[in-house]
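**Student:** Any chance you can model this:
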Amino acid sequence: MNWFRLGFCGMTAALALAATATATLALDYPTRPVHVICPYPPGGTADIVARLVAQAITESTGQSAVVEDRAGAGGNIGAEVVAKAEPDGYTLLASPPGPLATNISLYKTLPYDSRTAFAPISIVAQSASVLVARLDAPYHSVAELVAYAKANPKKVNYASQGAGTTSHLTAAMMSEVAHVQMVHVPYKGSAPADADLIGGHVDILWDNIGSTMSYIRAKQMQTLAVGSRARAPELPDVPTMAELGYPDFVSVAWFAAAAPAHTPPEIVDKLAKAIATYVHKPDVVERLKAIGVEPVGDTPQEMGKFVTEETDRWAKVIKAEGIQLE
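**Tutor:** Predicted coordinates:
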């Protein structure tokens, strides 16, 4: 009797049974409520997108999905919860870039490795970054701002949503590519940063369009440029940084869904399809458009490639500017 052949056949049968069990699990999933962790405070764009993810799951499967805001440590607290959760599709992350792409370069140590801790599901939505300035600033274009900053080193201060946020890193990238020295003034979110810009307490701010659009429409701040590759539909008259002579300058605020690593691909694909279908519904598109956000809804493979590119690109900015968070 060929014991090797028997062993091999047994192993093959076991693998086939495991594959069948996984497929059955995906077919039945979800059979209980899904928890969507948002690692930032309620009320912001990240929280809004997390609720879109939850609603997509509910509409697609009929099972309830609950959003939990686990804010703190630049998104790391909530992200750690997901990274260490069972990879069964019942604990998901809905997050902007921090925990998935930039924190790995910003923090000396993290309780998880974003390159291996998560299974990409989908980029849910994105919003172009926009450069705004106080109304009474002595510059009305990027060229004038850069000239002023070069003539007055460290006299221009820029607000941000907080240290290490896309808002902060975009301004740092501008300092790097334009060869200017500016002073960072971090806030706890967009609202206080916007308020102080309007009040004239800070000079400029890179923020996502969704957070600033109402103030722009009310003519409470100047718009100088957008960081997206193409002009933003909401601001068709505002040039991109590439058009202004900075061809490699790209900054987009994006919001993604991810699961713990080793979540069955069948479950991941099911979630990605649910999200893509939901965010492209006409009423959802209009809701997103109203807050300056565009639906994406790509595949796990596309998200994985994109996040890797973002991780590498922002790592260069963080290293060049010497940005480090505790």
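**Student:** Show me what the host helix or strand of M174 is in contact with.
**Tutor:** Secondary structure assigned from DSSP states H and E places M174 in helix 166-178. For helix 166-178, the external contacting residues (Cβ atoms under 8 Å, 6 or more residues apart in numbering) are 96-98, 102, 129, 131, 146, 149, 158-162, 180-182, 184, 186, 190, 193, 204-208, 227, 241, 246, 248-249, 251, 253, 314, 317-318, 320-321, 323. (Each C-beta comes from the backbone N, C-alpha and C, glycine too.)
**Student:** Out of the residues you listed, which end up buried?
**Tutor:** Those of these that meet the buried threshold are 96-98, 102, 129, 131, 146, 149, 158-162, 180, 182, 184, 190, 193, 204-208, 227, 241, 246, 249, 251, 253, 314, 317-318, 321, 323, by 16 or more other Cβ atoms under 10 Å.
**Student:** In strands, which of the contacts of helix 166-178 fall?
**Tutor:** Among the contacts of helix 166-178, the members falling in strands (DSSP state E) are 129, 131, 158-160, 184, 186, 204-208, 253.
**Student:** Got the confidence number for the residue nearest the centre of the chain?
**Tutor:** Most central in the chain under Cα atoms, centre = their mean is P96, positioned 2.4 Å from the mean C-alpha point. Looking at P96, its pLDDT is 93.
**Student:** Am I right that it is in contact with A253?
**Tutor:** Yes. Counting by Cβ atoms under 8 Å, P96 does reach A253; the two are 6.3 Å apart.
**Student:** joint contacts of those two?
**Tutor:** With contacts defined as Cβ under 8 Å, 6+ apart, the residues shared by P96 and A253 are T45, T166.
**Student:** partner residues bridging H184?
**Tutor:** Note on H184: beta-bridge partners by DSSP bridges are Y158.
**Student:** can you list the domains in this protein?
**Tutor:** Following automatic domain parsing, the chain resolves into domains at 33-127+253-321, 128-226.
**Student:** can you list those domains in JSON lines and add distance to D237?
**Tutor:** Listed next are the domains of the chain as JSON lines, based on distance: least, Cβ to Cβ, whole Å:
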{"stretch": "domain 33-127+253-321", "distance to D237": "15"}
{"stretch": "domain 128-226", "distance to D237": "9"}
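**Student:** Those domains: which one's closest to L235?
**Tutor:** Closest of these to L235 is domain 128-226, at 6.1 Å (criterion: Cβ to Cβ).
**Student:** which secondary structure element contains A54?
**Tutor:** Short version, using DSSP H and E: A54 is in helix 45-61.
**Student:** Could you tell me the angle between that helix and strand 204-208?
**Tutor:** Put simply, helix 45-61 runs at 10 degrees to strand 204-208, going by axes from the mean of the first three to the mean of the last three Cα atoms, to 10 degrees.
**Student:** Pull up the gap between L197 and H262, please.
**Tutor:** The spacing between L197 and H262, counted by Cβ to Cβ, to the nearest Å, is 44 Å.
**Student:** who has more neighbours, the two?
**Tutor:** L197 (28 against 11; other Cβ atoms under 10 Å).
**Student:** For the helix or strand harbouring the more buried one, C-alpha coordinates in PDB please.
**Tutor:** According to DSSP H and E, L197 maps onto helix 190-198. Extracted in PDB, the C-alpha atoms of helix 190-198 (Å, rounded to 0.1, in the frame of the first residue of the first chain):
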ATOM      1  CA  SER A 190     -11.300  70.600  10.300                       C
ATOM      2  CA  ALA A 191     -13.900  72.700  12.100                       C
ATOM      3  CA  PRO A 192     -11.600  74.600  14.500                       C
ATOM      4  CA  ALA A 193      -9.000  74.900  11.800                       C
ATOM      5  CA  ASP A 194     -11.600  76.400   9.400                       C
ATOM      6  CA  ALA A 195     -12.900  78.700  12.100                       C
ATOM      7  CA  ASP A 196      -9.400  80.100  12.900                       C
ATOM      8  CA  LEU A 197      -8.600  80.600   9.200                       C
ATOM      9  CA  ILE A 198     -11.800  82.500   8.700                       C
END
